[in-house]
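Engineer: Need the 3D shape of this:
(4 chains)
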There are 4 protein chains.
Amino acid sequence: MKSRTYEIMEKAKPKDIASLIFDWSLMLLITLNVLSIVLESFASVALAYKEFFIVFETTSVIIFTLEYMLRLWTSDLKYPNKYKMVSLLTFAFSTMAIIDLLSILPFYIPLATPIDFRILRVLRLTRILRILKIGRYSESLALIGRVLKRSRSDLLVTLFITFLLLLLSSSLMYFVENPAQSDKFPNIVSSAWWTIITLTTVGYGDVYPITILGKILGGFIALLGIGLVALPTGIISSGFMEEIRIKQLKEGRESQVCPHCKLAISEDWE
Amino acid sequence: MKSRTYEIMEKAKPKDIASLIFDWSLMLLITLNVLSIVLESFASVALAYKEFFIVFETTSVIIFTLEYMLRLWTSDLKYPNKYKMVSLLTFAFSTMAIIDLLSILPFYIPLATPIDFRILRVLRLTRILRILKIGRYSESLALIGRVLKRSRSDLLVTLFITFLLLLLSSSLMYFVENPAQSDKFPNIVSSAWWTIITLTTVGYGDVYPITILGKILGGFIALLGIGLVALPTGIISSGFMEEIRIKQLKEGRESQVCPHCKLAISEDWE
Amino acid sequence: MKSRTYEIMEKAKPKDIASLIFDWSLMLLITLNVLSIVLESFASVALAYKEFFIVFETTSVIIFTLEYMLRLWTSDLKYPNKYKMVSLLTFAFSTMAIIDLLSILPFYIPLATPIDFRILRVLRLTRILRILKIGRYSESLALIGRVLKRSRSDLLVTLFITFLLLLLSSSLMYFVENPAQSDKFPNIVSSAWWTIITLTTVGYGDVYPITILGKILGGFIALLGIGLVALPTGIISSGFMEEIRIKQLKEGRESQVCPHCKLAISEDWE
Amino acid sequence: MKSRTYEIMEKAKPKDIASLIFDWSLMLLITLNVLSIVLESFASVALAYKEFFIVFETTSVIIFTLEYMLRLWTSDLKYPNKYKMVSLLTFAFSTMAIIDLLSILPFYIPLATPIDFRILRVLRLTRILRILKIGRYSESLALIGRVLKRSRSDLLVTLFITFLLLLLSSSLMYFVENPAQSDKFPNIVSSAWWTIITLTTVGYGDVYPITILGKILGGFIALLGIGLVALPTGIISSGFMEEIRIKQLKEGRESQVCPHCKLAISEDWE
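Structural biologist: Modelled structure (predicted):
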């Protein structure tokens, strides 16, 4: 029975009706939950349907809690090569399990944070792509995941360079603009808000330099922002190209047979 | 006669004068229609030339209606392998035919929508590229079309990820900023307007975070916006590279020689 | 003597001192001209040094006129295979000659345009890269030129698609927002200003939608703007890759000799 | 002893504890210095902990001065092939040494600049990546460095083109908008601020055209901004692709077999 529970809760095999129903019901419940959070943010709706939202939230949390417990219970089947206790902990500290826990915990322990952690349930919606029958989207998701993973260290170094640039630009701008408009650039942290909005080329226009020196510096920082866009784009582009090449290499090697002599064209060719 | 009508309405063959005249007259009429909609939007022009616009619109709709009917009539020649009824329905539900219908229907059935569907005629202008004699532009359009089609599932998954990100970011921003400026972030849907304008790096500046936590979160979302630009750019770049490689492969095959038998590898290989 | 004049005015050969002096003096004069236009735009400077600017402008125009005439005179040496009259006209209607003429003409025939055509002299500064001894920058300029030329038809089609998108988006936005804010969206042409600033992700914030429908439409248009950035980037990226591949192919073919058997590795290999 | 001092100050070898401690203490001190500059920018914090900041700054500068002198002293070990005096000067005029000097000098010679040069210490934080044990990040930094170095002349030419474009656009915009809003476009230099913020697609919205001609021109400049983003992105993308190809070539050579003599083509080939 435990094994069957595990099977139902995992991604459904093509003809496992019970598992398919479980997958889609769960996705529907999560979608409805996200929708209810959005609707509840309208003060008038929250007031008019107060009771409904309480009932729906309670029901949802009960189901999610049950699901979480069943997943804890069947965790030894997920990691068959590990000890029971180890597999339980491995599961409990996996990203997905922590998100699950965080999204039900506030119901039991009311926290004084301004953020409603229930919204983390949105993250569970990525599963929709995995359970979609049309494999193409699932493949695309995996491709994007592989590209980002492969480029991870390059992207992180770009982020680190951006962070140093942010520190330097914010400080310089603070020194230049603070005397002229001390309300907009009161300190380096406030100046960093201007810098990040300029480097990412968003440019709200709530803060901008007004001195000549500040405008010259601002122009250079805006130009550097172009570079900040170009670097990750270049990294990700080459990541996609690399993935395509690997795919071709795999496909090509198996099928490259000369039509004349019928000999396989060895890896060293081409 | 039906066959000749079909020939004239389709893309003109090099020396088919009647068909060429039909193609260019239609393009001219559509261009004039689009221009008249633009001019009519000026209140003073609309008032001064009221009668002219009515006459021009009536004439145009009559011509477009006639053209639509002729296309319906000759639809069996467009899909020669299908039954008459099937080819009629296939044509009637094609994107282009629906656009055609939508752009003349409001004349017959006045609708209470704020949008004037006549503007959909703009979409018909893409045909200009197809009837242009200079094949290079037509080829470029086909190339861009192939790249977008090839990258479609990757781009759709990127859009889906963007949508989840939008939901999560909007909700978090709503929780953080609503207490400080409830007029700018009254609910999650309003918050989504800020998020989309930030993620796309447009940044109007009508709404922006003012709390410290909101600014930190806003900075991260702006950085994610860079990623949102980098992902489709990378996907499309690799799509173009792939197209170039395919073209080269086709050209290259003719000159490839097998290292074993030294015979040229013909086009039918691989 | 005519032949020597032509030699001096063309790009200098390594040891042609007279030609080198001519090249650099002309570049200096153009730079000073551009600088003087910038300085003259400061009302106080223009007033204080009024006479100086008049003298400098008169001298410059005399030199430029002389240069233009000499170039007309030596045009038959530039195109040795053509008839004298044909080469004169070919030169006179070349882009560079038209720019030269436009930048001196306003001195002789005062025009009532708001734009001061003397600024076109900026365009002549691109010659700096060509006369720079360090060939690397000249090569880079040629590379960028080749890439843009190769991608021209793809980029033009992208521009055409952008134009249709602009027409459609502007019209839709006008229909949606005009009733709510008729001062910001008075007609489709005004609406186009909002659209172009949104599609290019600039986003000044002088105009933005305020209705719900307008914000939804605006969000979609902003997302399309990402695509508008991604398409030319992809086209240009693949153009650069293509240039690199062509360069490699050229270099590779000549030098690919097997170190063991000393036979050239034929084109069909690799 | 001098040799040992040099060893400690250079990047630590795996098991050189003293050198490791030196590396990490220095990084910690620099980080604390940057943090202290950020904190000091808060007027209230600067006032409350005035004495602490003075003590900390004095201590830091003493340590940095000592370090700078030791580096000067051991410069002959850094460049063993040069004369003592030459190696001293080579070191003293290296970028890193100038940054070091600039960041301690203001303590000894109070300068009347608005910019606090101590912030240049941020630049020293790039060393963190080099001393990190995890070589992957160090490799990524080297990769990004190589790509930027390889694309340097292309990027510089793009910058030069941007500069000419900036001059031309600013001047045209000044001629068009100055009569309508002489406070926002008082001269070409002020107009350049608008142009750079538009070309980089930042778009604060503090300055924008209001005349019809200005808006048309502004729309074209905004579109050119897309090109300004696309060019460096394309250059950097192809730079990354080139690096990947070079890596593959190096790896590939070991397994390449000549089609004529069937012998493996050794690494020394090409």
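Engineer: B:Met9 versus A:Leu77, what's the distance?
Structural biologist: 65 Å (C-beta to C-beta, to the nearest Å). Just so you know, the C-beta spots here come from the backbone N, C-alpha and C atoms, and that holds for glycine as well.
Engineer: between the two, which one's more packed in?
Structural biologist: A count of neighbours by other C-beta atoms under 10 Å in any protein chain shown puts B:Met9 above the other of A:Leu77 and B:Met9, at 18 against 15.
Engineer: doesn't B:Leu70 make contact with the more buried one?
Structural biologist: Yes - between B:Met9 and B:Leu70 there is a contact under C-beta atoms under 8 Å: 6.4 Å.
Engineer: tell me the SS of A:Tyr208?
Structural biologist: coil (DSSP: H, G, I helix; E, B strand; the rest coil).
Engineer: nearest spatial neighbour of it, skipping sequence neighbours?
Structural biologist: D:Tyr204 (4.6 Å; C-beta to C-beta, 6 or more residues apart in numbering or on different chains).
Engineer: which residues sit in contact with that neighbour?
Structural biologist: A:203-205, A:208, B:205, C:204, D:197 (C-beta atoms under 8 Å, 6 or more residues apart in numbering or on different chains).
Engineer: Flag every buried residue along the helix or strand hosting A:Pro106.
Structural biologist: Using DSSP states H and E, the element containing A:Pro106 is helix A:95-108. Within helix A:95-108, the residues that count as buried by 16 or more other C-beta atoms under 10 Å in any protein chain shown are A:97, A:100-101, A:103-104, A:106-107.
Engineer: Using JSON lines, lay out those together with distance to chain C and pLDDT.
Structural biologist: Listed next are those as JSON lines, based on distance: C-beta to the nearest C-beta, whole Å; pLDDT from 0 to 100:
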{"residue": "A:Ala97", "distance to chain C": "33", "pLDDT": "85"}
{"residue": "A:Asp100", "distance to chain C": "31", "pLDDT": "83"}
{"residue": "A:Leu101", "distance to chain C": "33", "pLDDT": "84"}
{"residue": "A:Ser103", "distance to chain C": "27", "pLDDT": "79"}
{"residue": "A:Ile104", "distance to chain C": "32", "pLDDT": "81"}
{"residue": "A:Pro106", "distance to chain C": "30", "pLDDT": "77"}
{"residue": "A:Phe107", "distance to chain C": "32", "pLDDT": "79"}
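Engineer: for the residues you listed, which one is nearest C:Trp24?
Structural biologist: A:Ser103 (70.3 Å; C-beta to C-beta).
Engineer: domains for chain A, by residue range?
Structural biologist: A:2-137, A:152-266 (automatic domain parsing).
Engineer: Of those domains, flag the one that's most buried.
Structural biologist: domain A:152-266 (a mean of 20; mean count of other C-beta atoms under 10 Å in any protein chain shown).
Engineer: which residues sit in contact with the residue nearest in space to the middle of chain A?
Structural biologist: Nearest to the mean C-alpha position of chain A, by C-alpha atoms, centre = their mean, lies A:Leu123 at 7.2 Å. Going by C-beta under 8 Å, 6+ apart, A:Leu123 touches A:99, B:164, B:168.
Engineer: go again using 7 Å as the cut-off
Structural biologist: By C-beta atoms under 7 Å, 6 or more residues apart in numbering or on different chains, the contact list for A:Leu123 reads A:Ile99.
Engineer: Now the residue in the stretch 51-200 of chain A positioned nearest to chain C. Nearest residue, chain neighbours left out?
Structural biologist: In the stretch 51-200 of chain A, the residue that lies nearest chain C is A:Thr200 (10.5 Å; C-beta to the nearest C-beta). Leaving out its chain neighbours, the residue that sits closest to A:Thr200 by C-beta to C-beta, 6+ apart is B:Ala222, at 4.1 Å.
Engineer: Kindly list the main-chain dihedrals of that neighbour?
Structural biologist: With angles defined as degrees, to the nearest 10, B:Ala222 sits at phi -60, psi -40.
Engineer: you'd agree it is up against A:Leu199?
Structural biologist: No - in this structure, B:Ala222 is not within contact of A:Leu199 by C-beta atoms under 7 Å, at 8.5 Å.
Engineer: Return the residues of the stretch 101-250 of chain A in contact with chain B.
Structural biologist: For the stretch 101-250 of chain A, the contact set with chain B under C-beta under 7 Å from any C-beta of the partner chain comprises A:114-116, A:119, A:122, A:125-126, A:129, A:136-137, A:140-141, A:143-144, A:193, A:196-197, A:200-206, A:228-229, A:232-233, A:236-237, A:239-241, A:244.
Engineer: Spell out which helix or strand contains A:Tyr6, please.
Structural biologist: Here A:Tyr6 is assigned to helix A:2-9, by DSSP H and E.
Engineer: For that helix, name the packing helices and strands.
Structural biologist: helix A:17-40, helix A:50-73 (3 or more C-beta pairs under 7 Å, 6 or more residues apart in numbering or on different chains; DSSP states H and E).
Engineer: returning to that earlier point: pull the contacting residues for the residue of the stretch 51-200 of chain A closest to chain C.
Structural biologist: A:225, B:201, B:222-223, B:225-226.
Engineer: A:Ser170 now?
Structural biologist: A:188, A:191-192, A:195.
Engineer: helix/strand/coil for it?
Structural biologist: helix.
Engineer: Tell me how far it lies from A:Gly218.
Structural biologist: Taking C-beta to C-beta, one finds A:Ser170 at 12 Å from A:Gly218.
Engineer: Repeat that for A:Pro14.
Structural biologist: Counting by C-beta to C-beta, the gap from A:Pro14 to A:Gly218 is 58 Å.
Engineer: again, but for A:Ile99
Structural biologist: Counting by C-beta to C-beta - A:Ile99 and A:Gly218 are separated by 40 Å.
Engineer: Could you list the low-confidence segments of the stretch 51-200 of chain A?
Structural biologist: A:111-117, A:126-136 (pLDDT under 70).
Engineer: Excluding covalently adjacent residues, which one is nearest to A:Trp194?
Structural biologist: A:Val207 (4.4 Å).
Engineer: do A:Tyr68 as well
Structural biologist: A:Asp100 (5.3 Å).
Engineer: Then A:Arg146?
Structural biologist: Counting by C-beta to C-beta, 6+ apart, the residue nearest A:Arg146 is A:Glu243, at 6.1 Å.
Engineer: And the one you found, what's its pLDDT?
Structural biologist: In this model, A:Glu243 is scored at 86, pLDDT.
Engineer: Just the helices from the stretch 101-250 of chain A, written as ranges.
Structural biologist: For the stretch 101-250 of chain A, applying DSSP state H, counting those that start in this stretch gives helices covering A:127-131, A:135-150, A:152-177, A:188-199, A:212-255.
Engineer: Save the ones you listed as TSV, and put in distance to A:Thr31 too.
Structural biologist: Formatted as TSV, the helices of the stretch 101-250 of chain A follow (distance: least, C-beta to C-beta, whole Å):
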stretch	distance to A:Thr31
helix A:127-131	8
helix A:135-150	17
helix A:152-177	30
helix A:188-199	33
helix A:212-255	29
